[in-house]
Structure formats: C-alpha cells, structure tokens
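Asker: below: sequence and its predicted model.
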Amino acid sequence: MDSSTKKSEYLLIPLTIKLLKMIRFWNESPGQRISTFGVFVVVSYPIVWLIPSWLFILSSQDDVKRLMKAVNEQIVFLIVFFKLFFYAVHYRRLEQLFYDVQRAFSTVMNDPSIEIQKILGHVTKSTHNLTKYYCSALSFNCAAYGLFPMLFIVIKYAMTGSYAEPLPTPIEANYFIPDYHTNLWMWLPLDLTLNLILTLDGLSLFLLECFTWNLVYVTSRMFQVLKIQSDELLNRRLGEEEWAMALKRIITLHDSVLRSAFTLEEILSGQLLLLYISTIFALCLGMVVLSLAFEEVYLLLTTSAVLGYCIFQTFSFSYLGTELIEQSSAVSDAIFHSAWYTQDVKRQKDLCFVLLRANKPVRLTAAKFFVVTRDSFTQVIKQAYTIFTLMSQFLNDRVK
C-alpha cells in the first residue's frame, strides 16, 4: 500500500475505525481474518455471560422477579452474542464493504456541487458524533448496570459495616463459586472482574453497532448524492462528450452503491430478525418486571437499562431502513419526474437504462420475512404490549 493510499485510508468514519483498531476488532492491513483477540472475545462471551445465566434460570424458581429479570437479561445478552458472532463470521465481507463504500465516497469528495459538499460534510460530522456520543452514553449504561451498584455497596459497607444480601452481579447468574452472593470478600473481586469484562464486551459491541449504522447511513446518503447528480445531469446543457462522461460517473457510482446496499441486506438480514424477535420478548418481560418490582431501585435501574437499549436498537435500524428505501427510490423519481422527453432519443435510451437499475428495490429485511421500516418498529411495540398484557393477566390469576 503506497503512502497516498495510507494517507486517505480512513477518510470515512475515521473515529470508529480507529477505536475498532484499538480493541483489535479491525486489522491494520485489509484482506486478513479477524484478529485472535477478536475471536477470543466472541468465544469467551457465552462462557462468562450466557452459560452462568442459563444455570441460574434452571436452578432458581423461588423469586419470580429475579427469575424474569434473568430471562430478560438472557434474551438481550444472547442477541449481543449473535451480533459479535455475525461480525466475526462476516468480518472479511464487512471490511470489503467498508472499502467499497469509502471508494464511492471518495469519488464525489471533490464534486463542485454545493449540495453534495453539504451532504458529505454532514455525513462526516454525523458519523463522528454518533460514535462519540453513543459510546459514551452506552458506557454509562454499562456502568449503571454493574459498576455503580458495586461502588454503592462498597461505600455503604465502609460507612456502616453492613450490606444487603444477595449481593448483585451485572446479571443474575451462577458462577460456580459457593456463597459469593453472601460473602463480600468473595463477591468483590468477582464483581470487579465481571465489570471489567462487561466494559470490554460493551465497548466492542457499541463500536460494532456504530460501524454498522454508519455503513447503512453513508450508503443512504450516497443515494442522495446520486439523486443530486441526476438532477444536474438533466438540468444542464451538456455536449455529447460531457454527457457521456457525466452519465458514466453516475452509472459507476450507482452500481457501487447498489452492490453495497445489497451486501448490507445480506449480512444484516438474519441479525435483524433475531433483534426484532428478541426485542419483543425483552420488552414484554421487562415491563412485567417493572410492574412487579416498582419499589426495588436496583431492579428498576437494571431493567430500565435493558429496555432502553432494546428500544433504541430497534428504532435505529427501523429509521435507517426507512431512510435507505426513501433515498434509493429518490434516484428513480428524479429521473422519472425530470424533463427527460426533451432529450434526444439516444439520451432517452441511456436514461431508461439508468431508470431500470434505479427501480431495483433497496431495503433492509429481517431474513426476508418483512421489510425493516419505522412501521415495523411500531409493530414491535404493539406485539410487546400485547404479550405483556397476557402475561400480566396470567400472573395476576396465579397470585389470586
């Protein structure tokens, strides 16, 4: 790789790539497999979080609130594992996709259009802010889930010499250590270790999510750029040579962006289905826990953190899915509603070819079962509330 290539290597979402490289989830040189450390994080994840939680669910039947909280956590941590797993499996494709999108982005960086430059500037600023603020907010969320309760217990013990049992860990789990829920000096090193692991896993997850969202967002913005270029092509008086060159640039860019969009749909398809299904059950179980434990501050805090994460995740992909559909269809709309009929026959044939390609449906789907849009987010909330009402009625009948 020459020096000029290195210099412009991360023009697109540079902060995200820089942080991914720091945690060894992105390689210095393209074309390599995901690092051994990245594989270790994925493989160790179920050992630390999933298996102990399963054991707790199977062995704890006495406290309904803690049991349902554990099931809720298991759902969320399971989808987190699948996100890490899918990233590791599709790493080479995601890396290639990133470089393809970046090349498409680079081809319009010097475009003289003021509108296009505004879009590119907004893309650069938005992707940077998303990574910075989302990682900061979710890091606080992780701390609220594990670190803050631990510090509260330690400070309380230092001041009063007492603590409440059972001592909490980041999730309801059985870690094969006898009496760690009742002995402070056994619980403290375990909880500290779990919080360090939670921070590492959380940072990895947040960066992967930012990376994915940014790719979808940049792809949708590139369709917006194509729409502007199509308008300019049809509204300017160009000679045959200029027309041919401008049309070739549009077709080349459109092909590249289409491939990126289709690749994104293939990679995210199964992950999105799992996300939507898990969000429905996590929301309804979380609402049940909140309705039963409205006086328990720690339980309310952790459950609210899970609910907020699930809602934000589903809404983000629903919003980006809608944006991708609208911006991709805007390219064909720009051509169809233009004064194409004033062009000569050869140019009309060229435009017809571009229009046919632009009419290809571009969208995100959940394993082809449904299209991911803002409407699908509304359906998730409705389904979660329906299941919640049924579960609440069942629990009330059992209490009576």
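Answerer: Looks like it arrived, so ask away. Numbering: from 1, shown residues only.
Asker: low pLDDT regions in the stretch 301-400 of the chain?
Answerer: Counting by pLDDT under 70, the stretch 301-400 of the chain has low-confidence residues at 338-343, 394-400.
Asker: what do you get for the chain?
Answerer: Applying pLDDT under 70 to the predicted model, the residue ranges of the chain that meet it are 1-10, 60-62, 238, 293-295, 338-343, 394-400.
Asker: now do the helices in the stretch 301-400 of the chain.
Answerer: 345-358, 374-399 (DSSP state H, counting those that start in this stretch).
Asker: ah, wrong one, I meant the chain
Answerer: Counting by DSSP state H, residue ranges of the helices within the chain are 3-7, 14-22, 36-45, 51-59, 64-89, 91-107, 114-142, 148-160, 184-235, 240-292, 297-336, 345-358, 374-399.
Asker: among these, which comes closest to residue 365?
Answerer: Taking CB to CB, helix 240-292 is the member of those nearest to residue 365, at 5.7 Å. Quick note: C-beta positions are derived from backbone N, CA and C, even for glycine.
Asker: give me the packing partners of that closest one, helices and strands only.
Answerer: Contact partners of helix 240-292 among helices and strands, from 3 or more CB pairs under 8 Å, 6 or more residues apart in numbering; DSSP states H and E: helix 64-89, helix 91-107, helix 184-235, helix 297-336, helix 345-358, helix 374-399.
Asker: so which of those helices gets nearest residue 279?
Answerer: Minimum separation from residue 279 across the helices and strands packed on helix 240-292 (CB to CB) falls at helix 297-336, 4.6 Å.
Asker: buried set for that closest one?
Answerer: Within helix 297-336, the residues that qualify as buried are 299, 302-307, 309-311, 313-325, 327-332, 334-335, counting by 16 or more other CB atoms under 10 Å.
Asker: and what of stretch 377-391?
Answerer: Neighbour-count burial for stretch 377-391 flags 377, 380, 383-384, 387-388, 391 (criterion: 16+ other CB under 10 Å).
Asker: try stretch 177-195
Answerer: Per 16+ other CB under 10 Å, stretch 177-195 contains these buried residues: 180-181, 187-188, 191, 194-195.
Asker: for residue 32, phi and psi?
Answerer: The phi and psi values for residue 32, taken as degrees, to the nearest 10, are phi -100, psi 160.
Asker: what distance do you get for it to residue 17?
Answerer: When distance is defined by CB to CB, to the nearest Å, residue 32 is 15 Å away from residue 17.
Asker: more crowded one of these two?
Answerer: Ranked by neighbour count (other CB atoms under 10 Å), residue 32 and residue 17 place residue 17 first, with 20 against 11.
Asker: would you confirm that that one contacts residue 25?
Answerer: No - under the contact definition of CB atoms under 8 Å, residue 17 does not touch residue 25, with a separation of 9.8 Å.
Asker: not counting sequence-adjacent ones, nearest residue to residue 251?
Answerer: For residue 251, ignoring the flanking residues on the chain, the nearest one in space by CB to CB, 6 or more residues apart in numbering is residue 354 at 6.4 Å.
Asker: sorry, wrong one. I was asking about residue 257.
Answerer: If the residues on either side of it in the chain are set aside, residue 257 comes closest to residue 222, at 4.6 Å by CB to CB, 6+ apart.
Asker: show the contacting residues for the one you found.
Answerer: Going by CB atoms under 8 Å, 6 or more residues apart in numbering, residue 222 touches 101, 104-105, 108, 253, 257, 260.
Asker: before we move on, what about residue 84?
Answerer: 41-42, 45, 201, 204-205, 208.
Asker: now the two most distant members of the buried residues of stretch 377-391.
Answerer: When CB to CB is used, the two most widely separated members of those are 377 and 391, lying 21.3 Å apart.
Asker: circling back: which among the helices of the chain is found nearest to residue 368?
Answerer: The nearest among the helices of the chain, by CB to CB, is helix 240-292 at 6.7 Å.
Asker: next one: that closest one to chain centre, how far?
Answerer: Once both centres are worked out by CA atoms, centre = their mean, to the nearest Å, helix 240-292 turns out to sit 10 Å from its chain's centre.
Asker: ok and that helix relative to helix 184-235, angle-wise?
Answerer: Calculated by axes from the mean of the first three to the mean of the last three CA atoms, to 10 degrees, helix 240-292 forms an angle of 150 degrees with helix 184-235.
Asker: now residue 136: how far from residue 19?
Answerer: 12 Å.
Asker: noted, bye for now.
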